[in-house]
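[1] based on what follows, work out the 3D shape:
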Amino acid sequence: MVSVIFPAAGQGKRMGAGFNKVFLKLAGKEIIRHTLRRFSDVPAVGELIVVTGKEDLSHMQTILREEPGLKPWRVVAGGSERQYSVKNGLAAISREADIVLVHDAARPLVSRETIEAVIRAARLSGAAIAAVPEKNTVKIVSGDGVVVRTPDRRTLWAVQTPQGFRRGILLRANERAEEEHFLGTDDASLVERIGTPVHVVRDRYENIKITTPGDLAVAEAFLKEGAK
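    The predicted structure is shown next:
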């Protein structure tokens, strides 16, 4: 069975809404409802674990009850960092779960094809991430603002979610990170540290993370285009 953890504890300061950005409306309903619907439509997914701030637990449960037909879901309290929130989510998953996906709650446009491709790759190799080729030229810059070098763009990928892992691999990675007081920028960075190769699944550029008001407008446009 596949369990999906959705970190949703951030307050979205760049959005300027004054509350959790996953509660913002997109095409008439909350972002979090769109996101969970995408995963509920995937047969292999068995449960949804939403990790949010303590102050949002009750409101999150109320909103999810308004979305009919979701796979079994739970809402648990998050931590002070995303990594700690994922760890709390791991503690809440079913014993039957052999594959764990971690997906940004504020990425409501992920496709079923991407979700299923990450699940297949995680089952086969143990660890997989959704990503897209980097379109921009990227510079390595020193602390005093001087360009050090320009890496080959062909080797650069912008990492997205979902990220998928065999359950035991993700558990070991989190345990090692805790022991060594390491704080990673994503779940794959923890898995890389225990020596497990992480495979890349090519995603779509439409799978944006809604962070600013402009992102919300772009997501609205993508949804309208997809409905045609």
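[2] strands of this protein, start to end?
    2-8, 25-26, 29-30, 45-52, 73-77, 99-102, 127-133, 140-141, 147-149, 157-166, 199-202 (DSSP state E).
[3] just send the ones you listed back as TSV, with distance to residue 90 and mean pLDDT too.
    To be clear about C-beta, it is placed using only N, CA and C from the backbone, and glycine gets the same treatment. Output for those, formatted as TSV (distance: least, C-beta to C-beta, whole Å; pLDDT from 0 to 100):
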stretch	distance to residue 90	mean pLDDT
strand 2-8	7	97
strand 25-26	28	93
strand 29-30	25	94
strand 45-52	8	98
strand 73-77	10	97
strand 99-102	7	98
strand 127-133	15	98
strand 140-141	34	98
strand 147-149	37	97
strand 157-166	10	98
strand 199-202	21	98
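[4] okay, the ones you listed in TSV with mean neighbour count next?
    Converted to TSV, those look like this (neighbours: other C-beta atoms under 10 Å):
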stretch	mean neighbour count
strand 2-8	28
strand 25-26	16
strand 29-30	18
strand 45-52	23
strand 73-77	18
strand 99-102	26
strand 127-133	22
strand 140-141	10
strand 147-149	8
strand 157-166	23
strand 199-202	16
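[5] any chance of those strands in JSON lines, plus distance to residue 120?
    Formatted as JSON lines, the strands of the chain follow (distance: least, C-beta to C-beta, whole Å):
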{"stretch": "strand 2-8", "distance to residue 120": "11"}
{"stretch": "strand 25-26", "distance to residue 120": "28"}
{"stretch": "strand 29-30", "distance to residue 120": "30"}
{"stretch": "strand 45-52", "distance to residue 120": "13"}
{"stretch": "strand 73-77", "distance to residue 120": "23"}
{"stretch": "strand 99-102", "distance to residue 120": "10"}
{"stretch": "strand 127-133", "distance to residue 120": "8"}
{"stretch": "strand 140-141", "distance to residue 120": "34"}
{"stretch": "strand 147-149", "distance to residue 120": "36"}
{"stretch": "strand 157-166", "distance to residue 120": "9"}
{"stretch": "strand 199-202", "distance to residue 120": "8"}
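[6] closest to residue 58 out of those?
    strand 73-77 (8.8 Å; C-beta to C-beta).
[7] that closest one: partners in the sheet, and parallel or antiparallel?
    Strand 73-77 sits in its sheet next to strand 45-52 (parallel), going by DSSP bridges.
[8] okay, now the closest residue to residue 46 other than its chain neighbours: neighbour count?
    The shortest distance from residue 46 to any non-neighbouring residue, by C-beta to C-beta, 6 or more residues apart in numbering, is to residue 1 (3.8 Å). Using other C-beta atoms under 10 Å, residue 1 has 14 neighbouring residues.
[9] you'd agree residue 1 is up against residue 95?
    No. With contacts counted by C-beta atoms under 8 Å, residue 1 stays clear of residue 95, the gap being 9.5 Å.
[10] quick check: residue 47 vs residue 32, distance?
    16 Å (C-beta to C-beta, to the nearest Å).
[11] same check, this time on residue 152
    38 Å.
[12] ditto for residue 49
    From residue 49 to residue 32 the distance is 13 Å (C-beta to C-beta).
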